[in-house]
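Participant: here is my input, please return the structure:
(chains A and B)
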Amino acid sequence: MVEAIRDAMDVSMQRDDNVVVFGEDVGYFGGVFRCTQGLQQKFGTSRCFDTPISELGIVGVAVGMAAYGLRPCVEIQFADYMYPGYDQIVSEVARLRYRSNGEFTAPLVVRMPTGGGIFGGQTHSQSPEALFVHVAGLKTVVPSNPYDAKGLLIAAIEDNDPVIFLEPKRLYNGPFDGHHDRPVTPWSKHAQGEVPDGHYTVPLGKAAIRREGAAVTVLAYGTMVFVAEAAAAETGIDAEVIDLRTLLPYDLETIVTSVGKTGRCVIVHEATLTGGYGAELAALVQERCFYSLEAPIARVTGWDTPYPHAQEWDYFPGPARVGRALKAVMEA
Amino acid sequence: MSDAGRLSFHVPAPAVRPGGTPDFSDVKISPAGEVRRPEVVVAAEEIRDLAYSIIRVLNREGEAVGPWAGQLSKDELLEGLRHMMTLRAFDARMLMAQRQGKTSFYMQHMGEEAVSCAFRKALAPGDMNFPTYRQAGLLIAGGYPMAKMMSQIYSNELDPLKGRQLPIMYSSREHGFFSISGNLGTQFVQAVGWAMASAIKRDTKIAAGWIGDGSTAESDFHAALVFASTYKAPVVLNIVNNQWAISTFQGIARGGSGTFAARGLGFGIPALRVDGNDYLAVHAVAKWAAERARRNLGPTVIEYVTYRVGAHSTSDDPTAYRPKTESDAWPLGDPVLRLKQHLIRLGAWSEERHKQAEAEILATVIETQKEAEAHGTLHSGPHPSARDMFEGVYETMPSHLRRQRQQAGV
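Facilitator: Next comes the predicted model:
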């Protein structure tokens, strides 16, 4: 998935001179996850460069650049580090179009690795998507595989609105279903690891059905898509797994159609429970599908604690927990 | 064990509070004409003294003296005076309009008119300001239609921002005026980004960032200086030190020593301090910094030493925290009166012409105000629709917003 993300930036930089890429360790070295490797050599230091360690500065200068007419695609080294730049994201990036009545806009992308699974502890594991979805004016995207990552990132860079692009870091090197004690499967052995050359987009705001089923709908994104698929396979429950891909704007039609069909819904995310994106999804399903529901909606999420270090796998909502929720919803 | 004894906690306080006698003896004023004018090709450490002195052109007799003088023609000075007088008259009318309930909020410039009016004339077309809320002189001196400013303040049907933004938070790309946020400090680092973009694209345009003395304490200020210094961004970084951040005297942001300008030195950025109430000095220093930026020599920090004569905003009462007569004691005088005195001295102006101009300007402002009010004020007459509220959040309205608009019944 790292190569797919890099390729998306490469393709975008080739097509549009206004696309610039920068962040901490992003230039010469190519990023701590190697997502920008080679871009500086190829496009020069004016198009891809290292920045001081200041997330506020990275996002702040990106706003100014976007106002000038560039399309910055910046990297925050870990989503956990974005808070110093959060004021710029919320008060500036998100509202610029609105408050200036379209005179100035911020067509920029803020990429950041998200989620746990690498023993990163509380400062390299967070999933802050709810903090972005809550902000009017932002679009929030979480890809789950290389094909989507490339197509969604190109679409995000070409979008005229600001996009928060959360890359599940545990998926960088392969699909991860939560079985941390099993060997890692590389993307090369996975169908969605196939990434076409050149330009293509995956539209923002469209979900994908990863596994068709009739018994229960699972709403997931990022790493949790594979966890949900594993849970369905292991419990033998005929679950329909929906990969939301874009959290805002969301694809309500796909969600409503599926829950209307199955009558049951389990929502899975790695982020904490309370006030999480799952709460919004549960409310939407309740509002739209109340008369189709045959069981209470269930949520399987990270616990409402900081992301722990040694207890990572007790915290992570793995296939066993998701499987239990599927069974409970089926038995309700 | 050390014999240093117990520690004590230090909180800076202004010299005088309400009821006391105003005292600005701590503001060290350099005599007009005394501070040197270096070449624009200069390193920060070669002009450290300029971050601690005050560049001044107009002396007490109204003469323009020293190496920073002689940059503006009589006509340009007359135009500058007119801009400042217009801004003052505009402020007076809008302040009154707020008191009459025609808008929710207003912020005036009294005492600070020279800073934005003179700075604007140092820029070229296409340059971009990232202003804060007390630089409307950039618009007035830049020829932005006053009726549009008023319509924005009134949030009426002609409000270019459709009623979405607080009064005075103008935006005009065409006039080199970036949308004002209302958050403090955020624009400072954005100005650096705009300047970086101009350099990336091998353009010729430069940017100007604006921040107040109080907001220099925000992280945005430091990020702006780091990025400007690192990438030698073609940007002028303006700090307007008007002595007061609402009720908080500038010593709380500055600490007990140094100057705001001197903060630039630590980043290797040339930094100058200038008399913000001296139209000629402001213009000369702004021109110097703009030339450095334009010649790809990098950023400059400028501190404008001025005084906020009025309240912070219409929601503020300065008599609660500073002596009523403090502004009279301000040693750098009034920018309008000082330029007026200079022009009279040059033989280009007179008391009579000044009075006449004041009356003419006020009549024009009142005329424009009537015109704007015919299109509505905040609580009466035509104004942007509730439907407008849902527009422009995104380029195209997502379905969840469309549903909410339907729900709102607009």
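Participant: which bits of the stretch 1-150 of chain A sit near chain B?
Facilitator: Neighbours of chain B within the stretch 1-150 of chain A, by C-beta under 8 Å from any C-beta of the partner chain: A:20, A:46-47, A:51-52, A:54, A:56-57, A:60-65, A:67-70, A:84, A:87-88, A:91-92, A:95-105, A:136-137, A:139. Using the backbone N, CA and C atoms, a C-beta is placed for each residue, glycine as well.
Participant: which among those end up buried?
Facilitator: Among the residues of the stretch 1-150 of chain A next to chain B, the ones that count as buried by 16 or more other C-beta atoms under 10 Å in any protein chain shown are A:20, A:47, A:51, A:54, A:56-57, A:60-65, A:67-68, A:70, A:84, A:87-88, A:91-92, A:95-105, A:137, A:139.
Participant: so which of those residues sit within strands?
Facilitator: Under the assignment DSSP state E, those contribute A:20, A:139 to strands.
Participant: strands along the stretch 101-250 of chain A, start to end?
Facilitator: A:109-114, A:139-141, A:163-168, A:208-211, A:216-220, A:239-243, A:246-248 (DSSP state E, counting those that start in this stretch).
Participant: save those strands as CSV, and put in mean pLDDT too.
Facilitator: Formatted as CSV, the strands of the stretch 101-250 of chain A follow (pLDDT from 0 to 100):
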stretch, mean pLDDT
strand A:109-114, 98
strand A:139-141, 98
strand A:163-168, 98
strand A:208-211, 98
strand A:216-220, 98
strand A:239-243, 98
strand A:246-248, 98
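Participant: so which residue is smack in the middle of the chain?
Facilitator: With no chain named, the answer covers chain A. Among the residues of chain A, the one closest to the centroid is A:Val142, at 1.7 Å (C-alpha atoms, centre = their mean).
Participant: switch to chain B, please.
Facilitator: Central residue of chain B (C-alpha atoms, centre = their mean): B:Gln135, 3.6 Å from the mean position.
Participant: next, it: phi, psi?
Facilitator: Note on B:Gln135: backbone dihedrals following degrees, to the nearest 10 are phi -130, psi 40.
Participant: residues in contact with the spatially closest residue to it that is not a sequence neighbour?
Facilitator: What sits nearest to B:Gln135 in space, not counting adjacent residues and going by C-beta to C-beta, 6 or more residues apart in numbering or on different chains, is B:Ser116, at 3.9 Å. Listed by C-beta atoms under 8 Å, 6 or more residues apart in numbering or on different chains, the contact partners of B:Ser116 are B:87, B:109, B:131, B:134-138, B:141.
Participant: would you agree B:Ser116 falls within a strand?
Facilitator: No. The assignment for B:Ser116 (DSSP: H, G, I helix; E, B strand; the rest coil) gives helix, which keeps it out of a strand.
Participant: can you map out the helices along chain A?
Facilitator: Secondary structure of chain A (DSSP state H): helices at A:2-15, A:39-43, A:55-68, A:83-87, A:96-99, A:129-133, A:146-158, A:224-235, A:252-262, A:277-289, A:312-315, A:319-331.
Participant: make that chain B, sorry
Facilitator: Taking DSSP H as the criterion, chain B carries its helices at B:74-99, B:113-120, B:137-140, B:146-154, B:186-200, B:219-230, B:251-254, B:279-294, B:326-329, B:335-345, B:351-373, B:399-408.
Participant: any chance of a markdown table for those, columns mean pLDDT and distance to A:Asp7?
Facilitator: Putting the helices of chain B into a markdown table (pLDDT from 0 to 100; distance: least, C-beta to C-beta, whole Å) gives the following:
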| stretch | mean pLDDT | distance to A:Asp7 |
| --- | --- | --- |
| helix B:74-99 | 98 | 53 |
| helix B:113-120 | 98 | 46 |
| helix B:137-140 | 98 | 44 |
| helix B:146-154 | 98 | 45 |
| helix B:186-200 | 98 | 23 |
| helix B:219-230 | 98 | 28 |
| helix B:251-254 | 94 | 47 |
| helix B:279-294 | 98 | 37 |
| helix B:326-329 | 91 | 62 |
| helix B:335-345 | 98 | 57 |
| helix B:351-373 | 98 | 53 |
| helix B:399-408 | 96 | 31 |
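Participant: what's the longest strand in chain A?
Facilitator: Criterion DSSP E: the longest strand present in chain A is strand A:265-272.
Participant: now for it, which elements pack on it?
Facilitator: Packed against strand A:265-272, as judged by 3 or more C-beta pairs under 8 Å, 6 or more residues apart in numbering or on different chains; DSSP states H and E, are the following elements: helix A:129-133, strand A:216-220, helix A:224-235, helix A:277-289, strand A:298-302, helix A:319-331.
Participant: pick the most buried one from those.
Facilitator: Of all these, strand A:216-220 has the most neighbours on average by mean count of other C-beta atoms under 10 Å in any protein chain shown, namely a mean of 30.
Participant: check whether that strand comes near chain B.
Facilitator: No. Strand A:216-220 stays clear of chain B (C-beta under 8 Å from any C-beta), getting no nearer than 15.9 Å.
Participant: which one of the residues in the stretch 201-332 of chain A is closest to chain B?
Facilitator: A:Pro249 (3.7 Å; C-beta to the nearest C-beta).
Participant: give the contact list for that residue.
Facilitator: So A:Pro249 contacts A:139, A:204-205, B:394, B:398-400 (C-beta under 8 Å, 6+ apart).
Participant: same check, this time on B:Leu123
Facilitator: Applying C-beta under 8 Å, 6+ apart, the residues near B:Leu123 are B:129, B:176, B:206, B:208, B:286, B:290.
Participant: can you rerun that using 10 Å?
Facilitator: By C-beta atoms under 10 Å, 6 or more residues apart in numbering or on different chains, the contact set of B:Leu123 is B:129, B:138, B:141-142, B:176, B:205-208, B:236, B:286-287, B:290, B:293-294.
Participant: likewise for B:His383?
Facilitator: The contact partners of B:His383, by C-beta under 10 Å, 6+ apart, come to B:154-159, B:162-163, B:375-377.
Participant: swap in 7 Å and give it another go.
Facilitator: Contacts for B:His383 (C-beta atoms under 7 Å, 6 or more residues apart in numbering or on different chains) come out as B:155-157, B:163, B:376.
Participant: what's the pLDDT at it?
Facilitator: If you check B:His383, the pLDDT there is 91.
Participant: check B:Met1 too.
Facilitator: Listed pLDDT for B:Met1 reads 65.
Participant: what's the local residue count around the residue of the stretch 201-350 of chain B found nearest chain A?
Facilitator: Residue of the stretch 201-350 of chain B nearest chain A, by C-beta to the nearest C-beta: B:Ala223 (3.6 Å). Neighbour count for B:Ala223, taken as other C-beta atoms under 10 Å in any protein chain shown: 27.
Participant: repeat that for B:Asp328.
Facilitator: By other C-beta under 10 Å, the residues close to B:Asp328 number 10.
Participant: ditto for A:Pro296
Facilitator: As a measure of burial, A:Pro296 has 12 neighbours, counting by other C-beta under 10 Å.
Participant: do you know how far it is from A:Val266?
Facilitator: A:Pro296 sits 10 Å away from A:Val266, going by C-beta to C-beta, to the nearest Å.
Participant: re the thing from before, format the helices of chain A as a markdown table; extra columns: distance to B:Ile168.
Facilitator: Listed next are the helices of chain A as a markdown table, based on distance: least, C-beta to C-beta, whole Å:
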| stretch | distance to B:Ile168 |
| --- | --- |
| helix A:2-15 | 38 |
| helix A:39-43 | 41 |
| helix A:55-68 | 20 |
| helix A:83-87 | 21 |
| helix A:96-99 | 13 |
| helix A:129-133 | 30 |
| helix A:146-158 | 34 |
| helix A:224-235 | 47 |
| helix A:252-262 | 39 |
| helix A:277-289 | 36 |
| helix A:312-315 | 49 |
| helix A:319-331 | 53 |
